[in-house]
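**Q** prediction below, plus the sequence it came from.
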Amino acid sequence: MNIRSLTRGDGVVIGAAVLLFIASFLDNYSYDGAPDGLDIPNLWASGPVLLSVVLAGIIGAGLLVFTRTTEKPLKVAGLDLGQFGVAFTVFAAWSALGNVIDPAGALNNFGNIDKGPSAGTGLVLALIATLVMAAAAIATPLVPALQAGLVPAAKPAAPQPYGAQPPGGYGYPGAQPQQPYGAQPQPGQPFGQPGAPGVPGVQGAPAAAAAPAPQPAAADFSPFWFAVPVARPLFAEDGSQTPIAELAPGTWYLAVEQRGAQLVAQTQDGRRGVLQDTSGIQRG
């Protein structure tokens, strides 16, 4: 699970779920003129309210957060769990609205009872929490401000110039440095330098007097670390439109190749793919 993949919209859903849980311990009903010692039940004492409002809202929020923090969303009957979570939150808000409008149900329709109890503090707060939860669940995929990462991406240890790889190795920032491809570090004389054994025509020449070997020209592209502002799919390198992974905000990825405006990126588990939308990326 990757907590850094949570968005601001997910934060609103989590906050609303906490408010709903707190509201469930408050009064379900309110009676005008009730004595001070009257024990009014909370939301857990009402089966319909507990199932259709409290548990439905908390389950919906849990499905949304679980889907966001998993790299590959689970699907049931062709729908991912996040879609079920949205449905649960909308159902909880609708049920809370019905209970606030008529908290006594059909009780006040019997006999001469013309006035039943009204909605209590817990029921009103539950309505507010479920409405906020459902609104955030629906609006997060549509509003860019809610798609920003809830936890900001960690900066590299020191600023690096564009195209330079931050201190660390390949895959995660802060890992052990890796040797360039094909390099053969030697504790003694570098292979192929004048004065080294095995170099014809220059044996015995002092290494210090030899002219330095020409350095290869810098390539147009050098690998660099980057983070995405919102969750974005990573497509296969063969050009197919099938996502192989999802890049999450708050995590550093390594760009290993550039293809026009697109980047070939590598995930932490070693998978490579094409990031087609590179707008707004944060370079390390």
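**A** Arrived safely.
**Q** confirm that residue 225 sits in a helix.
**A** No: secondary structure of residue 225 (DSSP: H, G, I helix; E, B strand; the rest coil): strand, not part of a helix.
**Q** what's around it, how many residues?
**A** 20 (other Cβ atoms under 10 Å). Glycine gets a C-beta too; all of them are placed from N, C-alpha and C.
**Q** so it touches residue 263, yeah?
**A** No: judged on Cβ atoms under 8 Å, residue 225 makes no contact with residue 263 at a distance of 11.5 Å.
**Q** shared neighbours of those two, which are they?
**A** residue 255 (Cβ atoms under 8 Å, 6 or more residues apart in numbering).
**Q** next, the buried residues of the strand ranked longest in the chain.
**A** Determined from DSSP state E, the single longest strand within the chain is strand 253-259. In terms of neighbour count (16 or more other Cβ atoms under 10 Å), strand 253-259 has its buried residues at 253-255.
**Q** closest one to residue 56 out of the residues you listed, please.
**A** Distance to residue 56, by Cβ to Cβ, is smallest for residue 253 among these, at 36.7 Å.
**Q** tell me how far the closest one lies from residue 71.
**A** Look at residue 253 and residue 71: by Cβ to Cβ, to the nearest Å, they are 13 Å apart.
**Q** check residue 20 too.
**A** Residue 20 is 28 Å from residue 71, by Cβ to Cβ.
**Q** now the end-to-end length of stretch 253-270.
**A** Length of stretch 253-270, first residue to last, Cα to Cα, to the nearest Å: 10 Å.
**Q** ok, residue 17 touching residue 133?
**A** Yes: counting by Cβ under 8 Å, a contact exists between residue 17 and residue 133, whose distance comes to 6.5 Å.
**Q** what about those two, which has more around it?
**A** Set side by side, residue 17 and residue 133 show more neighbours around residue 133, with 30 against 24, by other Cβ under 10 Å.
**Q** wait, the more buried one sits on residue 90?
**A** No: between residue 133 and residue 90 there is no contact under Cβ under 8 Å: 9.1 Å.
**Q** isn't residue 237 right next to residue 263, touching?
**A** No: Residue 237 is beyond contact range of residue 263, at 11.4 Å (criterion: Cβ under 8 Å).
**Q** neighbour-wise, which of the two wins?
**A** The residue with more neighbours, out of residue 237 and residue 263, is residue 263; 23 against 13, by other Cβ under 10 Å.
**Q** the more buried one: which element?
**A** Using DSSP states H and E, residue 263 sits in strand 262-266.
**Q** in the chain, where's the longest helix?
**A** If you go by DSSP state H, the chain has its longest helix at helix 81-101.
**Q** so residue 19, which state does it fall into?
**A** Residue 19 ends up helix, using three-state DSSP.
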